[in-house]
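Structural data only, the sequence is not supplied:
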DNA sequence: TTAAAATATTGGACGCTGTTCATTTTCAGG
DNA sequence: CCTGAAAATGAACAGCGTCCAATATTTTAA
């Protein structure tokens, strides 16, 4: 065939990412298949390569979508909350990972070839999540410590992420940890609290 | 052929795991191939399945080897160290991940089918690493707080792991973090320090 | 209106993967 | 030396990512 004009290029990209995200969320990165995505949107594998150019680009688009949904989830969960905002942020972080096990894991399962970096649009999604958390940490820190907010946020994000990873992959279960969210919150409070003294 | 007696069953397992570990370390989980392991030890794919029973079992054996090497590395790096042992433990944690990028990542890239748990021998390897760290945390805590050591160690391990993950997968680079080890150490000291007061 | 150029879509070909298992080869014990 | 058990093979299968010549459709130009 050719230029069927059922969908514009952008529409095609959109429905492929949506279907691909759903597929990823259902079967996980290990069982994900570009052919299956094509089938689900009523096209063939060749069209996927026409639109995305490569398998990696398709995965990046899907993972980018996951990041956007994650960000949305964080914002929604924080909206209107007056107290304990950091705690709610941590809960929302875990919540998304739990509700979208496979899609969430795919963000970390996928790796670009060694010497390449993700496209700017993807990096922006990561930073968007970072920016949300930074605002919360800022609010929790005293005015005199605002200059440390950025570095601290990177580090706290890593800590919470580590707890989330261990919760999701069974390491915590193996080691007898039954309240990963609480543990993460304790660590965050340890560090934020230290900057409140004096 | 048959019973070539070039190697006993145990020898065969051993050389397959060794070659498999090397292969994993070279190409990473995404490009790992059971056929390639067979080729490297001078056997064919069928023999791998005879010895390990399944692909998953082969991966578990290889990842178990990686965990054992990781533990060895930690012990070696801690041997004889008199001060700052927690700091040295963190450095050694990152060191191993850096020196064995792919094999280390494979521990977390691989996932057993949803309803299954890793064999006891594999769980023991994870606990062995946990036990090393617990001893260090114990030493850093005051006598009155020893009862909190285990839970705190699980949580600190998760924090350090999160920092290591972000360091290895480029998230820290993206966010402008240039000293992941130092950041991890700061967080550990925040939490350990909090229990030293009063 | 018709012919030509441009573009979208297809799907077969290729080499690779994990998995299975009938077949073949080899060794040990009688 | 022979036989039965064990070990090793490799072909077969379905699926994968990747590529690209062929085809179908739409747009443009004449």
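Happy to help now that I have it. Remember, predicted model here, so these are calculated numbers, not experimental data.

ok, which stretches of chain A are strands?
Using DSSP state E, no strands are found in chain A.

Identify the residues contacting the most centrally placed residue in chain A.
For chain A, residue A:67 is the residue whose C-alpha lies nearest the centre (CA atoms, centre = their mean; 3.8 Å). Shown in contact with residue A:67 (CB atoms under 8 Å, 6 or more residues apart in numbering or on different chains): A:107, A:122, A:125-126, A:128-129. For the C-beta atoms, the positions are set from N, CA and C on the backbone; glycine is no exception.

Which pLDDT value belongs to it?
With respect to pLDDT, residue A:67 has a value of 98.

so how far is chain B from it?
According to CB to the nearest CB, to the nearest Å, residue A:67 stands 11 Å off from chain B.

Looking at the contacts of residue A:67, which are in helices?
Residues of the contacts of residue A:67 located in helices (DSSP state H): A:107, A:122, A:125-126, A:128-129.

Nearest residue to residue A:132 in space, please, no chain neighbours.
residue A:74 (5.4 Å; CB to CB, 6 or more residues apart in numbering or on different chains).

Against residue A:128, how distant is that neighbour?
Plainly put, residue A:74 is 10 Å away from residue A:128 if you go by CB to CB, to the nearest Å.

Looking at these two, which is more packed in?
Neighbour count, other CB atoms under 10 Å in any protein chain shown: between residue A:74 and residue A:128, residue A:74 has more, with 21 against 15.

State the pLDDT value of the closest residue to DNA strand C within chain A.
Distances between chain A and DNA strand C by CB to the nearest atom of the strand are smallest at residue A:46, namely 2.1 Å. pLDDT recorded at residue A:46 is 97.

Is chain B within reach of stretch A:150-166?
Yes. With CB under 8 Å from any CB of the partner chain as the criterion, chain B is reached by stretch A:150-166 at A:150-151, A:154-166.

From the residues you listed, which land in helices?
A:150-151, A:154-166.

Who are the contact partners of residue A:117?
Going by CB under 8 Å, 6+ apart, residue A:117 touches A:123, B:170.

Got phi/psi on it?
The phi/psi pair for residue A:117 (degrees, to the nearest 10) reads phi -120, psi 150.

Any idea how many residues pack against residue A:168?
Count around residue A:168 with other CB under 10 Å applied: 18.

mind checking how far the residue nearest to the centre of chain A is from residue A:100?
11 Å.

ok now stretch A:40-49, how far from the chain's centre?
From the chain centre to the centre of stretch A:40-49 is a distance of 26 Å (CA atoms, centre = their mean, to the nearest Å).

Wait, residue A:61 touches residue A:20, no?
Yes. Applying CB atoms under 8 Å, one finds residue A:61 in contact with residue A:20, separated by 7.3 Å.

Compare those two (neighbour count), which wins?
The neighbour comparison of residue A:61 against residue A:20 (other CB under 10 Å) goes to residue A:20, with 27 against 21.

Looking at chain A, what residue ends up closest to chain B?
With CB to the nearest CB as the measure, residue A:162 is the residue of chain A nearest to chain B, at 2.4 Å.

State the distance from that residue to residue B:147.
Taking CB to CB, one finds residue A:162 at 23 Å from residue B:147.

So which of the two has more stuff around it?
Taking other CB under 10 Å, residue A:162 and residue B:147 do not tie; residue A:162 has more neighbours (28 against 9).

which residues sit in contact with the nearest residue to that one once chain neighbours are set aside?
Spatial nearest neighbour of residue A:162, excluding adjacent residues (CB to CB, 6+ apart): residue B:162 at 2.4 Å. By CB under 8 Å, 6+ apart, residue B:162 lies in contact with A:157-165.

Residue A:137: which of these is nearest?
Comparing the contacts of residue B:162 against residue A:137 with CB to CB places residue A:157 closest, at 9.0 Å.

Please list all residues in contact with the closest one.
Residue A:157 sits next to A:130, A:133, B:162, B:166, B:175 when contact means CB under 8 Å, 6+ apart.

Is any residue of stretch A:13-31 near chain B?
Yes. Stretch A:13-31 reaches chain B (CB under 8 Å from any CB) through A:28, A:30.

Give me the contact list for that stretch.
By CB under 8 Å, 6+ apart, stretch A:13-31 touches A:7, A:32-33, A:36-38, A:40-41, A:43, A:48, A:51-52, A:58, A:61-62, A:65-66, A:69, A:100-103, A:105-106, A:109-110, B:111.
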